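> The following block contains a protein sequence and its predicted model.
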Amino acid sequence: MAESTETGLPRAVMIAWGMEKTPQRGPSRGLSHERIVGAAIDLADAEGLTAVTMQGVAKALGFTTMSLYRYVSSKEELLLLMQDAAFALPERSTLPTGWRAALPAWAELIRAAYRSHPWALEIPRGQASVLMPNSVWAADLGMAALADLDIDQESKVGVILVISQLAASMVELEGSLAEEGLVSTTPEGTGLLAEVITPERFPHIADLFAANSRVGADGGAGFAPVIDGGTLEVDGEFGLGLSLLIAGLEALQRSAARETEQVPDQDVEGTGPV
């Protein structure tokens, strides 16, 4: 749990919104929350999240570890501040008119933010995260994208949560695929897999597996993931997910409209149709 203040708000939330006073005394006067978070992000970008320690950040800034603790009370608090800073959307983001165009545009902004600092997806997102400035801004922009969609507010919140999770999952998958690379086997290995992944045993996937098995000019073989035509990218799958969601929302809106049309008008006393 993030450390709370006497207001009940997590201290990281107070810091992110500029509500926490900066220490005014001591040898750490050259520090600031912004400098500390910036140095931590630079470390994570260069070496991964595991490289981020209070000692490492202090060393990068040329201060002692104790100096950092005057600004951030723990590594957990620092990670929350890093996560919020990493997921910042452009301040002057604008969206197309109409929810069908605005929603995919918003989704791409979210995915781009995740892609810019993918290590931030390793930090758990909890109640404190959604209260941070950049999370609030992203949610507000998402609700703006859905402004002219005729569904209730609770459903709209669900939509932006689902899209945010879709974007996060796809970026995580891209990272995993990039780290692993193409699974490379010998022709013998590919043949062995073909013997067990047969149309008789797996009638709905065997042909897809065979289509994505490839043998190189040198005789080596590999298996390309069944995404985007056998590449290590998931742009097509992300777009498909958004298209399915939009189609579902259109159906939901039509269903709500039909239900509204079928409800008879009631008289003032509520005793029957007017």
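Great, that's in hand.

> what's the closest non-adjacent residue to residue 210?
residue 194 (6.7 Å; CB to CB, 6 or more residues apart in numbering). C-beta coordinates here come from the backbone N, C-alpha and C atoms, glycine included.

> so where does that neighbour fall, helix or strand?
Per DSSP states H and E: residue 194 is located in helix 187-196.

> Which positions in the helix or strand following that helix come out as buried?
Per DSSP H and E, the first helix or strand lying C-terminal to helix 187-196 is helix 206-211. Across helix 206-211, burial judged by 16 or more other CB atoms under 10 Å covers 206, 209.

> Kindly report the same for stretch 155-162.
For stretch 155-162, burial by neighbour count (16+ other CB under 10 Å) applies to 156, 159, 160.

> follow-up on the earlier one: kindly export the helix holding residue 194 (C-alpha atoms) in CSV.
Written as CSV, here are the backbone C-alpha positions of helix 187-196 (Å, rounded to 0.1, in the frame of the first residue of the first chain):
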residue,chain,number,x,y,z
PRO,A,187,13.7,-28.9,-40.4
GLU,A,188,13.7,-32.1,-38.3
GLY,A,189,12.3,-30.1,-35.4
THR,A,190,9.6,-28.5,-37.5
GLY,A,191,8.7,-32.0,-38.9
LEU,A,192,8.4,-33.4,-35.4
LEU,A,193,5.9,-30.7,-34.4
ALA,A,194,4.0,-31.4,-37.6
GLU,A,195,3.6,-35.0,-36.6
VAL,A,196,1.9,-34.1,-33.3
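
> you'd agree the residue nearest to residue 210 is up against residue 202?
No. Counting by CB atoms under 8 Å, residue 202 is not a contact partner of residue 194; they are 11.2 Å apart.

> Overlap in contacts, those two.
Shared contacts of residue 194 and residue 202 (CB atoms under 8 Å, 6 or more residues apart in numbering): residue 209.

> Which residue ranges of the stretch 101-250 of the chain form helices?
Applying DSSP state H, counting those that start in this stretch to the stretch 101-250 of the chain gives helices spanning 127-130, 133-145, 153-180, 187-196, 206-211, 235-262.

> could you redo these as TSV and give each row distance to residue 115?
Formatted as TSV, the helices of the stretch 101-250 of the chain follow (distance: least, CB to CB, whole Å):
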stretch	distance to residue 115
helix 127-130	18
helix 133-145	14
helix 153-180	5
helix 187-196	32
helix 206-211	27
helix 235-262	11
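
> sorry, back to before: what packs against the helix holding residue 194?
helix 206-211, strand 213-215, strand 221-223 (3 or more CB pairs under 8 Å, 6 or more residues apart in numbering; DSSP states H and E).

> Report the contact partners of the residue lying closest to residue 48 once chain neighbours are set aside.
Excluding the flanking residues, the one nearest residue 48 by CB to CB, 6+ apart is residue 119, at 5.9 Å. Residue 119 makes contacts with 44, 45, 48, 49, 86, as judged by CB under 8 Å, 6+ apart.

> what does residue 166 give?
Counting by CB under 8 Å, 6+ apart, residue 166 touches 107, 238, 241, 242, 245.

> how about low-confidence regions in the chain?
Residue ranges of the chain with pLDDT under 70: 1-4, 23-29, 182-183, 212-232, 262-274.

> How is it partitioned into domains?
Domains of the chain are assigned by automatic domain parsing as 11-86, 99-179+232-262, 183-223.

> Let me know the secondary structure of residue 96.
Here residue 96 is recorded as coil under DSSP: H, G, I helix; E, B strand; the rest coil.

> re the thing from before, which parts of the helix holding residue 194 are buried?
Neighbour-count burial for helix 187-196, counted by 16+ other CB under 10 Å, picks out residue 190.

> try stretch 71-91
In terms of neighbour count (16+ other CB under 10 Å), stretch 71-91 has its buried residues at 71-72, 76-87, 89.

> how far is stretch 38-54 from where the chain is centred?
Averaging C-alpha positions (CA atoms, centre = their mean, to the nearest Å) puts stretch 38-54 19 Å from its chain's average.

> Actually, stretch 13-23.
Counting by CA atoms, centre = their mean, stretch 13-23 is centred 25 Å from the centre of its parent chain.
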